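Student: What follows is a protein structure lacking sequence information:
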């Protein structure tokens, strides 16, 4: 940990860019990667709470069979909006926010490559989500066809579809600009000596994720544009009466949709690959294999899309191809999981909150991965398709996967951002509370799905009552528990024990060489990186 | 390593922007690609849009029998009854057959509709040739009018041996625009 070479460059650089607006203008016009990162993270936290409130409406209605609280139309709007808000509003902006904050710090860059575009890509988002959420207050209500917007159903709703599609276009533009910025930063702004294979794994996973974003967000934009013209301008891309084919939409959508699910998880892999070595006080095991595994997963994500739509009817050969290709993804994913475990092997482990969330991630994400393997099996898939088994599967990979990793990242880097240690005791309570209740919430849904309960339905047969009640109780406990997370962050921003520059005893990497809180401007003079500073040094290379 | 690795990002940005634009185009390119793919493989059970020229001099395989089922669905927007007159036919590959669908307009005004065919299993659609079909053109029925609509077809003798049952399905939709034009003219 010889960061003496860099520390003196960065101690008091925060005063020579003095002409800085204050108040609201500071945030609206900010081109600083740290401020924009903070805005992204705050925005995603708000969206997490909005989307969570929608989830609680769903769970409240499903507490008992029959229709009690909301009508089916509104229930369908809640399932659709919950997904859109959580995916595009909570998880993706959280990862972009983390990338904004940490990527320049981790590669020794003074800022993102395109600071003004960075401002723009953030400020599009509040407008996109205003457009999306305002549809709930329109006469025809919000979108109610599921977040996948399958035609013909999505074309039979109200005119609010136009707002939803425009919102998706804006989110796409924001993501693409963010991705371009991140790639441009990583490829052009690295400090001398920061070779590609010395980059921290969070940077690597984000580099690959950004390529996925650029490759598939435009395809989604195309798909929803076709929906728009089918609905309002008389085209027949998906309209069978006019010679179109609704199944085509599913192919285009999932060509976007499957890489999208890796966009939601690859940065999480990166975060966990940073945290586990720190609290194991060892370097990451198998660094190079981690990089190749990430790239393999990204490549495979483009050739498995049809496993989301086995039941539309496709030739046997196609089903076999998509089944085997899907199962192959378990190999690079397994490489990662074994590497994390090998990193911990004989390490001097301690269990601070970020490490607890990272370990929770490894265990619970693996459960989600295994149920994904079950879903890949074609004959089983016919049984599980559109049941609660699928709901349980993707919530294990997205809540206990992506969301747990984001929370781990927040606890891990919060002292660097605020200069204060968070309340460790409350952090641990938050972890255990979340872990217990999230399992009470989602584990019974596996059984519901295997027993045949369909998803996106506000009512159900009485034999599903008990598991739904358990799940709903878990949902409310988990949901309200997240207010503790908000409180812990608030408390940490306001004050607390002063954090050192290195914060964690076992932490390596350039971000820990700058003071805590990280001054507004860092690495104005590039640090020089060699193996002693590099986070990872694969023993094999 | 003394030289800074910080470079001008513009080349990267231009390249990535072009990639995003190209992928938007690729999304649209998937539409003709999908059509072509379905046409070649028969996936989706599509059949030709117009009459197929068949040489009937070819040998008729009297040893082989294939059951052809007829199915119909009326889209909810269309006030018609629309049904096959026969539920199924046992046919010899290579021989020309004719069957009727009967349509009846329950509305008190003329309606124009379009039937869309589909053949299942998908790979059989490549061997199911229609020489005449009401689905090749739009159909106009006056108020309360009823009509028998013929389909003539030949099952290609090259139909894979494993296929013993072919289903010909029609979904019939109202052509809203043409019906509205018709109402305006009257």
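Tutor: Nice, thanks for sending it over. Remember, predicted model here, so these are calculated numbers, not experimental data.
Student: Can you tell me the closest non-neighbouring residue to residue A:94?
Tutor: residue A:44 (3.9 Å; CB to CB, 6 or more residues apart in numbering or on different chains). Backbone N, C-alpha and C define where each C-beta goes, glycine included.
Student: Which pLDDT value belongs to residue B:181?
Tutor: With respect to pLDDT, residue B:181 has a value of 88.
Student: buried stuff in the helix or strand where it lies?
Tutor: Using DSSP states H and E, residue B:181 sits in helix B:176-185. For helix B:176-185, burial by neighbour count (16 or more other CB atoms under 10 Å in any protein chain shown) applies to B:179, B:182.
Student: helices and strands around that helix, which ones?
Tutor: Other helices and strands packing on helix B:176-185, by 3 or more CB pairs under 8 Å, 6 or more residues apart in numbering or on different chains; DSSP states H and E, are strand B:111-120.
Student: Give me the contact list for the helix or strand bottoming out on mean pLDDT in chain B.
Tutor: Between all helices and strands in chain B, the lowest mean by mean pLDDT, DSSP states H and E belongs to helix B:176-185, at a mean of 86. Here helix B:176-185 makes contact (CB atoms under 8 Å, 6 or more residues apart in numbering or on different chains) with B:77, B:109-112, B:138, B:140.
Student: Also stretch A:485-500?
Tutor: A:45, A:49, A:407, A:410, A:414-416, A:418-423, A:426-427, A:430, A:516-517.
Student: again, 7 Å this time
Tutor: Defining contact as CB atoms under 7 Å, 6 or more residues apart in numbering or on different chains, one finds that stretch A:485-500 is touched by A:45, A:407, A:414-415, A:418-423, A:426-427, A:430, A:516.
Student: Columns neighbour count and distance to residue A:482 on top of those, output as a markdown table?
Tutor: A markdown table is the format used below for those (neighbours: other CB atoms under 10 Å in any protein chain shown; distance: CB to CB, whole Å):
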| residue | neighbour count | distance to residue A:482 |
| --- | --- | --- |
| A:45 | 20 | 9 |
| A:407 | 26 | 9 |
| A:414 | 25 | 16 |
| A:415 | 23 | 21 |
| A:418 | 21 | 19 |
| A:419 | 21 | 24 |
| A:420 | 19 | 21 |
| A:421 | 18 | 21 |
| A:422 | 24 | 15 |
| A:423 | 18 | 16 |
| A:426 | 16 | 13 |
| A:427 | 23 | 13 |
| A:430 | 24 | 8 |
| A:516 | 22 | 25 |
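Student: residue contacts, residue A:358?
Tutor: With contact taken as CB under 7 Å, 6+ apart, residue A:358 is in contact with A:272, A:275-276, A:408.
Student: go with 10 Å
Tutor: By CB atoms under 10 Å, 6 or more residues apart in numbering or on different chains, the contact list for residue A:358 reads A:268, A:271-276, A:278-279, A:340, A:344, A:351-352, A:404-405, A:407-409, A:411-412.
Student: How about stretch A:117-132, which residues are buried there?
Tutor: For stretch A:117-132, by 16+ other CB under 10 Å, it's A:117-125, A:128-129, A:131-132.
Student: Inside helices: which ones of the residues you listed?
Tutor: Under the assignment DSSP state H, the buried residues of stretch A:117-132 contribute A:117-125, A:128-129, A:131-132 to helices.
Student: Where does chain B get nearest to chain A, residue-wise?
Tutor: The nearest approach of chain B to chain A comes at residue B:27, 2.7 Å away (CB to the nearest CB).
Student: count of neighbours near that residue?
Tutor: 22 (other CB atoms under 10 Å in any protein chain shown).
Student: is it true that it touches residue A:249?
Tutor: No. Applying CB atoms under 10 Å, one finds residue B:27 not in contact with residue A:249, separated by 11.1 Å.
Student: which residues do the two both contact?
Tutor: Counting by CB under 10 Å, 6+ apart, the contacts common to residue B:27 and residue A:249 are A:223-224, A:226.
Student: Residue A:243 is in contact with residue B:49, correct?
Tutor: Yes. Residue B:49 is in contact with residue A:243 according to CB under 10 Å; the separation is 8.2 Å.
Student: more neighbours, those two?
Tutor: Between residue B:49 and residue A:243, counted using other CB under 10 Å, residue A:243 has the larger neighbour count: 13 against 10.
Student: how about residue B:168, what does it touch?
Tutor: By CB under 10 Å, 6+ apart, the contact set of residue B:168 is B:45, B:47, B:68-72, B:84, B:88-89, B:99, B:101, B:117-120, B:124-125, B:128, B:130, B:133, B:151, B:153.
Student: repeat that with 7 Å
Tutor: By CB under 7 Å, 6+ apart, the contact set of residue B:168 is B:68-71, B:117, B:119.
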